[in-house]
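Enquirer: Below are the sequence and a predicted model; questions follow.
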Amino acid sequence: MMERTIQTIKKMWKKAEESKEDKHLALLAYRNTPIDDQGQLPAQMLIFRRLRDGLIRKEAKLRPQIQRKRNWKKQGQEPQKEQTFQKGEALWFWRKNLKTEG
């Protein structure tokens, strides 16, 4: 993957030189373009946010988004399934750091 990325960047820089454009703007555009197989922007993977590139965008999309924390909160808020137990079934539960059979 890295070899392909380097090859792409070299081609972009060469085209930018030929058209007398700024190399750094070409690199910025690459960093703000989603990668097909991953669905994320290279800038998002590196610094967890989009970079400002002069295009009009919603400000909320430019703010950092930490996906792991959001997923963790979401998992904790889901209701748990009600468990059913049979009479006489051995159960374990925690009470004041002591494991007790109930």
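Expert: Alright, I've got the coordinates. Numbers count the residues shown, from 1 in each chain.
Enquirer: quick one: least confident helix or strand in this structure?
Expert: Least confident helix or strand, the chain: strand 98-101 with a mean of 58, by mean pLDDT, DSSP states H and E.
Enquirer: wait, residue 43 sits on residue 33?
Expert: No. Applying CB atoms under 8 Å as the test, residue 43 and residue 33 come out as separate, 9.5 Å apart. In short, each C-beta sits where N, CA and C put it, glycine included.
Enquirer: Looking at these two now, which is surrounded by more residues?
Expert: When neighbours are counted by other CB atoms under 10 Å, residue 43 and residue 33 differ, and residue 43 comes out ahead with 17 against 12.
Enquirer: Now for the more buried one: which residues touch it?
Expert: 31, 32, 49, 50, 51 (CB atoms under 8 Å, 6 or more residues apart in numbering).
Enquirer: my guess is the first one contacts residue 51, does it?
Expert: Yes. With contact defined as CB under 8 Å, residue 31 and residue 51 form a contacting pair (5.9 Å).
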